[in-house]
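J.: Provide a 3D model corresponding to the input given below.
(3 chains)
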Amino acid sequence: MDDFLFALDLTGTFVFAISGATMGTRHRLDLFGVLVLSFAASSAGGILRDVLIGATPPAVLEDWRYLAAACLAGLITFYRDADIERLRNPVQWFDAAGLALFAVVGANKALEFGLGPVSAVLLGMLSGIGGGVARDVLVAQVPVILRAEFYAVAALFGAAAVVAGSLLGFPPAASMVAGALLCFGLRFFAIRRGWRLPVARQRGASPGPGPHR
Amino acid sequence: MDDFLFALDLTGTFVFAISGATMGTRHRLDLFGVLVLSFAASSAGGILRDVLIGATPPAVLEDWRYLAAACLAGLITFYRDADIERLRNPVQWFDAAGLALFAVVGANKALEFGLGPVSAVLLGMLSGIGGGVARDVLVAQVPVILRAEFYAVAALFGAAAVVAGSLLGFPPAASMVAGALLCFGLRFFAIRRGWRLPVARQRGASPGPGPHR
Amino acid sequence: MDDFLFALDLTGTFVFAISGATMGTRHRLDLFGVLVLSFAASSAGGILRDVLIGATPPAVLEDWRYLAAACLAGLITFYRDADIERLRNPVQWFDAAGLALFAVVGANKALEFGLGPVSAVLLGMLSGIGGGVARDVLVAQVPVILRAEFYAVAALFGAAAVVAGSLLGFPPAASMVAGALLCFGLRFFAIRRGWRLPVARQRGASPGPGPHR
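T.: Numbers count the residues shown, from 1 in each chain, chains lettered A, B, ... in the order given. All right, here's what the predicted structure looks like:
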């Protein structure tokens, strides 16, 4: 079970790092900037989760294999950018996979640390979206989670499935697979079919880019 | 006393969440993005405070009522945006109230955890401004606290009043009410009368948006 | 030895705060905004380091002298901006010095808290770049570390020198001086000679500022 979790975590790290590295090469960052963005995208969620549940130092800093996976993904993306870009819209699928994996792993770890169901769902969601938020904030963009099709909602459902499975006494591995499939499936159909949540109607003339006055 | 603190904290959560949600609807985020921004604006300060004093998991994650208050505020703002926008400059008053409440609650909690007076003032200020900073960073704006009239200064004074009250042996509730009134009052008059702190004189031609060279 | 470390730390705080304050005055922030940016630039790296290794509350909050050093640097920069701007490209040299000092102090503290070599190098780098990242994110810019000449790389080498020295049994003070000189020297020559890491080749027409789709 621990090996299974670790493999999942490492896979999520790798795919999120590709998402971060792709964002980095698109913004014309240099090699090391791309590696930093790979690491941030892959690890910010897990680091945030571990800091919030008091599990310091964060797992991702204690085991060099996370860093290695993130750097490997960054190097492949950097030197093989052409191949990765050629795949149609690759980032979003890697992103969806990382989201699903991190949301369920994060919710499970929060449960193991004795947090309640609501906190565990929230921490699973934060684990899932933290890396993407860090990635987007670092390139000075409004995070895609705040606009994208069912992004954070999908992470929320994936984490909720893990917590529900735990409350119902299902084995964690089964709940996590189910939660990850649910999360990834939601994102998949949301992107494919353009599902969107409602946006507040805007009235008046200028929405205005100014500060909140 | 604990009930009093909890009610204050929940009220601050609610008003900050409205401030975050209003920012979200103005940036045309979808429903869930608005809720995420509500939660970030309402909770980032408290989460930062709790992480910094080592009180993990943060209180705001342990009690579902904070999340519920943030989501309720977000939903009301989202579906009743017209009403809220119609009030003149609503965000800044909600913001000032949240600032005042969080600054005094944060300073008081830091004192309870045994931090020294300077740290407690600083943590009170961080509790107050953390949510607003997170809200603004998430929509890729320079945080209003770095430009606004007496914003962080007001939080600083509110927190300092709580710490001063504690050093002088006054009851915490009295110090907190006084600190909150001081902070809100400073913001109120600063906005109304356009009080501003000095800005560095600029010389030379182009301030330039470039990096720091 | 502790005095030596503390003096180094305080010096790094001061020079990073000047870097933050200079960025603040260039963005026309008011006096308190400049002080907040001074404090963020000088302390975010150390706070991040302490939170990640579980050393809460962070040292920088517990000792008022860090805050005093940051505010002093901010006030000097604010009121003596003309003098500081007159020096050619001043920010980058202060920045390089702060980077070097924080990277070696951070790596050393991580080792003292029992972290492994890879984590200690990483935490040293994060200590070094954290303040600069916070400074740039707060003014809504892509952090210079993601583009600049050998920026994070220099911090990495400085931290690695400290860890290597520790593994080889050298006295910490010697390793730290060597690491700081290495880091500063790398930045110095990188800036002077325009050393740059490779940037991913861009193909196709528009790099496009859009989100990652």
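
J.: which residue sits closest to A:F150, ignoring its sequence neighbours?
T.: A:A190 (3.8 Å; C-beta to C-beta, 6 or more residues apart in numbering or on different chains). Bear in mind the C-beta positions are built from the backbone N, C-alpha and C, glycine included.

J.: buried residues in the longest helix seen in chain A, which are they?
T.: Scanning chain A for the longest helix, with DSSP state H as the assignment, gives helix A:2-26. Residues A:5, A:8-10, A:12-26 are the ones in helix A:2-26 that count as buried (16 or more other C-beta atoms under 10 Å in any protein chain shown).

J.: state the distance from the residue nearest to A:F150 to chain C.
T.: 13 Å (C-beta to the nearest C-beta, to the nearest Å).

J.: what's the helix or strand for that residue?
T.: helix A:172-193 (DSSP states H and E).

J.: using CSV, list the CA coordinates for that helix.
T.: Extracted C-alpha coordinates of helix A:172-193, given in CSV (Å, rounded to 0.1, in the frame of the first residue of the first chain):
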residue,chain,number,x,y,z
PRO,A,172,-8.2,3.2,0.7
ALA,A,173,-6.6,2.0,-2.5
ALA,A,174,-10.0,1.4,-4.0
SER,A,175,-11.4,4.7,-2.9
MET,A,176,-8.3,6.5,-4.3
VAL,A,177,-8.6,4.8,-7.7
ALA,A,178,-12.3,5.7,-7.8
GLY,A,179,-11.7,9.2,-6.7
ALA,A,180,-8.9,9.7,-9.3
LEU,A,181,-11.0,8.4,-12.1
LEU,A,182,-13.9,10.6,-11.0
CYS,A,183,-11.7,13.7,-10.9
PHE,A,184,-10.0,12.9,-14.2
GLY,A,185,-13.3,12.0,-15.9
LEU,A,186,-14.9,15.2,-14.8
ARG,A,187,-12.1,17.3,-16.2
PHE,A,188,-12.1,15.2,-19.4
PHE,A,189,-15.7,15.6,-20.2
ALA,A,190,-15.7,19.2,-19.0
ILE,A,191,-12.9,20.1,-21.4
ARG,A,192,-14.3,18.0,-24.3
ARG,A,193,-17.9,19.2,-24.0
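
J.: rewinding a little: buried residues of the helix or strand following the longest helix of chain A, list them for me.
T.: Helices and strands here follow DSSP H and E; after helix A:2-26, the next one along the chain is helix A:31-53. Using 16+ other C-beta under 10 Å as the test for burial, helix A:31-53 gives A:31-53.

J.: tilt between helix A:31-53 and helix A:2-26?
T.: 140 degrees (axes from the mean of the first three to the mean of the last three C-alpha atoms, to 10 degrees).

J.: tell me the first helix or strand C-terminal of helix A:31-53.
T.: Counting by DSSP H and E, what follows helix A:31-53 is helix A:59-62.

J.: lowest-pLDDT helix or strand in chain A?
T.: helix A:81-86 (a mean of 68; mean pLDDT, DSSP states H and E).

J.: which element is the residue lying closest to A:F188 once chain neighbours are set aside on?
T.: Ranked by C-beta to C-beta, 6+ apart and with sequence neighbours excluded, the top spatial neighbour of A:F188 is A:A96, at 6.6 Å. For A:A96, the element it lies in under DSSP H and E is helix A:90-112.

J.: quick check: A:F113 touching A:T56?
T.: No: using C-beta atoms under 8 Å, A:F113 makes no contact with A:T56, being 12.0 Å away.

J.: please say which of those two ends up with more neighbours.
T.: Taking neighbours as other C-beta atoms under 10 Å in any protein chain shown, A:F113 and A:T56 compare with A:T56 leading, 22 against 18.

J.: what number of neighbouring residues does the closest residue to that one other than its chain neighbours come out with?
T.: Leaving out its chain neighbours, the residue that sits closest to A:T56 by C-beta to C-beta, 6+ apart is C:G54, at 3.5 Å. C:G54 has 16 neighbours, counted by other C-beta under 10 Å.

J.: now C:G54. Its backbone dihedrals?
T.: When read as degrees, to the nearest 10, the backbone of C:G54 gives phi 80, psi 20.

J.: for A:G132, same thing?
T.: Dihedral angles for A:G132 - degrees, to the nearest 10 - are phi -70, psi -40.

J.: how deep is it tucked in, by neighbour count?
T.: A:G132 has 28 nearby residues by other C-beta under 10 Å.

J.: again, but for the one 3 residues further on
T.: Under the neighbour criterion other C-beta under 10 Å, A:R135 is assigned a count of 28.

J.: name the element it belongs to?
T.: helix A:117-138.

J.: return that helix as CSV; C-alpha atoms alone will do.
T.: Only the C-alpha atoms of helix A:117-138 are listed here, as CSV (Å, rounded to 0.1, in the frame of the first residue of the first chain):
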residue,chain,number,x,y,z
PRO,A,117,-13.9,14.8,6.8
VAL,A,118,-14.4,18.4,5.8
SER,A,119,-10.8,19.3,6.3
ALA,A,120,-9.6,16.2,4.4
VAL,A,121,-11.7,17.1,1.4
LEU,A,122,-10.4,20.7,1.5
LEU,A,123,-6.8,19.6,1.9
GLY,A,124,-7.2,17.1,-0.9
MET,A,125,-8.5,19.9,-3.1
LEU,A,126,-5.6,22.2,-2.0
SER,A,127,-3.1,19.5,-2.7
GLY,A,128,-4.5,19.1,-6.2
ILE,A,129,-4.7,22.8,-7.1
GLY,A,130,-1.8,24.2,-5.1
GLY,A,131,0.8,23.3,-7.7
GLY,A,132,-1.2,24.8,-10.6
VAL,A,133,-1.9,28.0,-8.6
ALA,A,134,1.8,28.4,-7.7
ARG,A,135,2.8,27.8,-11.4
ASP,A,136,0.3,30.4,-12.7
VAL,A,137,1.1,33.0,-9.9
LEU,A,138,4.8,32.6,-10.7
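
J.: starting at the chain centroid, how far to it?
T.: Centroid separation for helix A:117-138 versus its chain: 7 Å, with C-alpha atoms, centre = their mean, to the nearest Å.

J.: quick one: is it near chain C?
T.: Yes: for helix A:117-138 and chain C, the contact criterion (C-beta under 8 Å from any C-beta of the partner chain) is met by A:D136, A:V137, A:L138.

J.: isn't the first one up against A:R147?
T.: No: under the criterion of C-beta under 8 Å, A:D136 is not in contact with A:R147, lying 10.2 Å apart.

J.: of the two, who's got more company?
T.: Each of A:D136 and A:R147 has its neighbours counted (other C-beta under 10 Å); A:D136 has more, 22 against 18.

J.: once you drop chain neighbours, what's closest to that one?
T.: A:P143 (4.0 Å).

J.: look at the one you found and report its pLDDT.
T.: Listed pLDDT for A:P143 reads 88.

J.: how about the nearest residue to A:A97 once chain neighbours are set aside, what does it touch?
T.: Ranked by C-beta to C-beta, 6+ apart and with sequence neighbours excluded, the top spatial neighbour of A:A97 is A:V15, at 4.8 Å. Residues in contact with A:V15 (C-beta atoms under 8 Å, 6 or more residues apart in numbering or on different chains) are A:A73, A:F94, A:D95, A:A97, A:G98, A:L101.

J.: return the member of these nearest to chain C.
T.: A:D95 (7.4 Å; C-beta to the nearest C-beta).

J.: so what's that closest one closest to, chain neighbours aside?
T.: Using C-beta to C-beta, 6+ apart, the nearest residue to A:D95 is A:S19, at 4.5 Å.
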